[in-house]
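> Test case, fold it:
(chains A and B)
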2 protein chains.
Amino acid sequence: MTETAVSPLDRHDLRARVSAALTAFLDRQELLLRQIDADLLEPGAALREFLDGGKRMRPAFCYWGWRAAGGAAAAEADGGAAPEHAMLEQAALVASASLELLQASALIHDDYMDGSDTRRGKPAVHKRFEALHAAGGWEGPAARFGAAAAILLGDITLTWCDEMFTRSGFDAVRIHAARPVFDLMRSEVMAGQYLDVLAQSRGLSVATPGEILERAETVIRFKSAKYTIERPLQLGAALATGDGDENGPVNAALSAYGLPLGEAFQLRDDVLGVFGDPAATGKPAGDDLREGKQTVLVALAAARADGARLKLLREGLGDAGLDPAGVAELQAVIVDTGALDAVERRIEERTRLALEALERAGFDDEAREVLAGLAVAATSRQG
Amino acid sequence: MTETAVSPLDRHDLRARVSAALTAFLDRQELLLRQIDADLLEPGAALREFLDGGKRMRPAFCYWGWRAAGGAAAAEADGGAAPEHAMLEQAALVASASLELLQASALIHDDYMDGSDTRRGKPAVHKRFEALHAAGGWEGPAARFGAAAAILLGDITLTWCDEMFTRSGFDAVRIHAARPVFDLMRSEVMAGQYLDVLAQSRGLSVATPGEILERAETVIRFKSAKYTIERPLQLGAALATGDGDENGPVNAALSAYGLPLGEAFQLRDDVLGVFGDPAATGKPAGDDLREGKQTVLVALAAARADGARLKLLREGLGDAGLDPAGVAELQAVIVDTGALDAVERRIEERTRLALEALERAGFDDEAREVLAGLAVAATSRQG
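Predicted coordinates for the structure are as follows:
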């Protein structure tokens, strides 16, 4: 990501505070694990390392959704006492940080499902436990143990997300009011992931170009735009206002900013998945092509490709053995069909729509400024 | 299970009402899935079919924990109005029913991790989606699609458990008070499952008989005794009293009954896993032996076996290709070493301890009668 002097992700030291909140939560959970059995310290450590890193994008949107909806002002007005304000500020931070656990759970399961062996340059969780099995010379297939450990670690992390969210420090009634957004966010991302896997399995052959594009747009909407940006913003807002109504004025304004921005964010991700620099993305070049991801980028290329190019695309996409020359060939198809340009234009347009909505929204100056900065950070990043 | 005229599981028509509550919840979730994409109706239907059956053991313990802790009496006293009572009764029922979603999630993931291809005589979820892929002639390995679908369906079901629990109808403060037990229950069962998988991987070779038995006892405690009986009871009690303190008098009484009973329940399961009649258990004979489950039954046999028998046990346990003669050979080792008798004695003793604790507990007559009936049902069942 393009780092300015202070990234909008670091305003009010947010990233460091999110990390500290996660550490405090994991310290508490580790006590529980230790009481059950010392053999649980290994999965505990694996989760801790997994969580040590990342842009903390979803916590940032949740926290700034809380601010945009007047969370900090309400904290000040609510009795006006400084300790009360600090308590609510901390609760907003902890609730925001809890989203990293949902994301960690999704990534741990994703990496296993996709057969991705590395994550941020380190072994994926299933590979880490596979190695533990192999090193111990244990019985049965090491890969099966790795799979089971990754599935169970993803499961416990998923439940810890709502445990941390619930115990963030807001009162029970406020948490309850925010639950509809919280629940929707979780169902939507998992539904989106299923649709993604389904599209990948169906491939390019059994649908019209229009259907392929429509499916890719549905996946982007639920798996990314809503999950990464719109719902975290609305969750923060619900915690600020106690109003979980999706159609309330604050939520509508956050949607008008968040949904197009979320699409632009994922479109950027799709471009990086095909054209990104491995040094910046932490993934092999052309990884999405090998995995056969049915992105909007690919759908547009398929819709525009002539017979020979379409054949190349159909044959190469999802071929796990695709070599650098094969990747370059598919990249050329995506460029030559104009699909890359079209996606870049979509990113620009969606980002512009988001920023215009932000101008109209009437949030306070700081929230508006940071949300504008986050929009740029989310869509112009390199990795 | 031995069915008497009315099984204690069916008192107050509980099983039918739990099923109705699950159906109502799934109807609502189906609307959401349908709004996202019609392709989600298939996983929705898969979950519905998966949930259509089962003894509803955990909901029964949760509901009767609520009754034992005075939930129904409090509902009557609380204003005394009949509608209020009916509302709390229904909330207790819905909260209890939500535990079936946790169980479904665990089983969907378990079946995949264990490579179990059937569940209650029907294809396991990963096999169902594998077949969907194969029937469609889609791209990539069908088994990989089946795995991804099962992992994602288990994930969404896991989040739906706490969604259903939270929306059961109790007020936010009451739900909040019960959350510590709810959270503990989830962490404990997943921790127990990990320890189970770990023990299976380590096998019988790399530990002393004492270590093997100790590990098996830890697994039984967390994966089964607490998860299936103690925590559901305490969850119901916390919903009745608003007091989630594990060490409060009601919770202590429920533990004194629930923990030994939970151990006996799992020991019965272990015996059925080796000696059960496939027609009653719905699983192939000797299934636990093929999977290499490190149960207390197996641990006791290993501790008592002489050289030749220990060799048989070590070699046969976890051998996926074990034929009926091999199963019979291992069964003979478990009988001849006295391990089976020892486990039957443990089941008797734990059940007696549970019933004695129940007598001392001072619950009302109906709760005591049903909990006594559940103890017999849980430990003398055939499948």
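
> Chain A: strands as residue ranges?
A:118-119, A:122-123 (DSSP state E).

> So which elements touch the first one?
Contacts defined by 3 or more Cβ pairs under 8 Å, 6 or more residues apart in numbering or on different chains; DSSP states H and E place strand A:118-119 against no helix or strand at all. To be clear about C-beta, it is placed using only N, CA and C from the backbone, and glycine gets the same treatment.

> Find me whatever residue is spatially closest to A:Gly53, sequence neighbours aside.
The shortest distance from A:Gly53 to any non-neighbouring residue, by Cβ to Cβ, 6 or more residues apart in numbering or on different chains, is to A:Arg120 (5.6 Å).

> right, and the one you found touches A:Lys55 too?
No - using Cβ atoms under 8 Å, A:Arg120 is not in contact with A:Lys55, being 11.0 Å away.

> interface residues of the stretch 1-150 of chain A facing chain B?
Applying Cβ under 8 Å from any Cβ of the partner chain, we find that the stretch 1-150 of chain A lies next to chain B at A:29, A:32-33, A:36-37, A:39-40, A:43, A:105, A:109, A:112-113, A:115, A:133, A:136, A:138-140, A:144-145, A:147-149.

> filter those residues to the buried ones?
A:29, A:33, A:36-37, A:39-40, A:43, A:105, A:109, A:112-113, A:133, A:138-140, A:144-145, A:147-149 (16 or more other Cβ atoms under 10 Å in any protein chain shown).

> The residue nearest to A:Gly53: what's it in contact with?
The contact partners of A:Arg120, taken as Cβ atoms under 8 Å, 6 or more residues apart in numbering or on different chains, are A:Gly53, A:Gly54, A:Gly282.

> quick check, nearest of those to chain B?
A:Gly54 (19.8 Å; Cβ to the nearest Cβ).

> Check the stretch 1-150 of chain A for the residue nearest chain B and tell me.
Closest point on the stretch 1-150 of chain A to chain B, by Cβ to the nearest Cβ, is A:Glu139, at 3.7 Å.

> Looking at that residue now. What's its pLDDT?
Looking at A:Glu139, its pLDDT is 87.

> Is A:Leu93 in contact with A:Arg17, as I believe?
Yes - contact criterion Cβ under 8 Å: A:Leu93 and A:Arg17 qualify, at 5.5 Å.

> Show me which residues of stretch A:368-383 are buried.
For stretch A:368-383, using 16+ other Cβ under 10 Å, the buried residues are A:Arg368, A:Val370, A:Leu371, A:Ala372, A:Gly373, A:Leu374, A:Ala375, A:Ala377, A:Ala378, A:Thr379, A:Arg381.

> now the strands of chain A as TSV including mean neighbour count, distance to B:Glu348 and mean pLDDT?
Formatted as TSV, the strands of chain A follow (neighbours: other Cβ atoms under 10 Å in any protein chain shown; distance: least, Cβ to Cβ, whole Å; pLDDT from 0 to 100):
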stretch	mean neighbour count	distance to B:Glu348	mean pLDDT
strand A:118-119	16	50	87
strand A:122-123	15	48	92
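
> any chance of those in a markdown table, with distance to B:Gln331 too?
Formatted as a markdown table, the strands of chain A follow (distance: least, Cβ to Cβ, whole Å):
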| stretch | distance to B:Gln331 |
| --- | --- |
| strand A:118-119 | 45 |
| strand A:122-123 | 41 |
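
> Quick one: closest of those strands to A:Ala225.
Smallest distance to A:Ala225 across these (Cβ to Cβ): 22.7 Å, for strand A:118-119.

> How about whatever residue of the stretch 201-350 of chain A ends up closest to chain B, nearest residue that isn't a chain neighbour?
Per Cβ to the nearest Cβ, the residue of the stretch 201-350 of chain A with the smallest distance to chain B is A:Gly203, at 3.7 Å. Nearest in space to A:Gly203, with sequence neighbours left out and distances taken as Cβ to Cβ, 6+ apart, is B:Glu139 at 3.7 Å.

> Same question for A:Lys223.
A:Gly192 (2.9 Å).

> same thing with A:Asp52?
A:Ser19 is the one closest to A:Asp52 (Cβ to Cβ, 6+ apart), at 7.5 Å.

> Equivalent analysis for A:Ala207, please.
With sequence-adjacent residues excluded and distances taken as Cβ to Cβ, 6+ apart, A:Ala207 is closest to A:Arg215, at 7.3 Å.

> ok, and the helix or strand in chain A with the lowest average confidence?
Among the helical and strand segments of chain A, the one scoring lowest on mean pLDDT, DSSP states H and E is helix A:71-77, with a mean of 70.

> Let me know how buried A:Gly210 is, in neighbour terms.
Residues lying near A:Gly210 (other Cβ atoms under 10 Å in any protein chain shown) number 10.

> can you check A:Pro232 too?
30.

> what pLDDT does it get?
So, for A:Pro232, pLDDT stands at 98.

> Quick check: closest non-adjacent residue to A:Arg346.
A:Leu267 (5.7 Å).

> Report the contact partners of the one you found.
A:Leu267 touches A:Ile220, A:Val296, A:Leu297, A:Val343, A:Arg346, A:Ile347, A:Arg350, counting by Cβ under 8 Å, 6+ apart.

> number of nearby residues for the fourth one?
Taking other Cβ under 10 Å as the neighbour definition, A:Val343 ends up with a count of 24.

> And the helices in the stretch 51-200 of chain A?
A:57-68, A:71-77, A:82-114, A:125-136, A:142-166, A:172-202 (DSSP state H, counting those that start in this stretch).

> Now render these as CSV, adding distance to B:His12.
Formatted as CSV, those follow (distance: least, Cβ to Cβ, whole Å):
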stretch, distance to B:His12
helix A:57-68, 43
helix A:71-77, 45
helix A:82-114, 37
helix A:125-136, 44
helix A:142-166, 30
helix A:172-202, 28
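
> And those: which comes nearest B:Pro260?
helix A:142-166 (26.4 Å).

> Please point out which parts of that closest one sit buried.
For helix A:142-166, by 16+ other Cβ under 10 Å, it's A:142, A:144-166.

> Take the contacts of A:Leu267 and keep only those in helices.
The helices, defined by DSSP state H, take in A:Val296, A:Leu297, A:Val343, A:Arg346, A:Ile347, A:Arg350 from these.

> is it true that the last one touches A:Ala264?
Yes - counting by Cβ under 8 Å, A:Arg350 sits close enough to A:Ala264 to count as a contact (3.8 Å).

> Look up phi and psi at A:Asp319.
Backbone torsions for A:Asp319, taken as degrees, to the nearest 10, come to phi -90, psi 110.

> State the number of residues packed around it.
By other Cβ under 10 Å, the burial measure for A:Asp319, its neighbour count, is 14.

> Let me know whether it touches A:Arg290 as I believe.
Yes - under the criterion of Cβ under 8 Å, A:Asp319 makes contact with A:Arg290 at 6.7 Å.

> returning to what we had before: now compare the ones in helices among the contacts of A:Leu267 and name the two farthest from each other.
Farthest pair in the ones in helices among the contacts of A:Leu267, by Cβ to Cβ: A:Leu297 and A:Arg350, 13.9 Å.

> And the residue nearest to A:Gly53, what's its pLDDT?
pLDDT for A:Arg120: 82.

> One more: A:Pro284?
79.

> what does the stretch 251-383 of chain A put close to chain B?
Checking the stretch 251-383 of chain A against chain B by Cβ under 8 Å from any Cβ, the hits are A:Gly292, A:Gly318.

> for the stretch 251-383 of chain A, what spans make up the helices?
Secondary structure of the stretch 251-383 of chain A (DSSP H, counting those that start in this stretch): helices located at A:278-281, A:287-291, A:296-304, A:307-316, A:324-336, A:339-360, A:365-379.

> deepest of those, which one?
When the helices of the stretch 251-383 of chain A are scored by mean count of other Cβ atoms under 10 Å in any protein chain shown, the highest mean neighbour count falls to helix A:296-304 (a mean of 24).

> CA atoms only: put that helix into CSV for me.
This file holds the C-alpha atoms of helix A:296-304, laid out as CSV (Å, rounded to 0.1, in the frame of the first residue of the first chain):
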residue,chain,number,x,y,z
VAL,A,296,-15.0,-9.8,-12.9
LEU,A,297,-11.6,-9.3,-14.6
VAL,A,298,-11.7,-12.8,-16.0
ALA,A,299,-15.4,-12.6,-16.8
LEU,A,300,-14.9,-9.4,-18.9
ALA,A,301,-11.9,-11.0,-20.7
ALA,A,302,-14.0,-14.1,-21.5
ALA,A,303,-16.9,-11.9,-22.8
ARG,A,304,-14.6,-10.0,-25.1
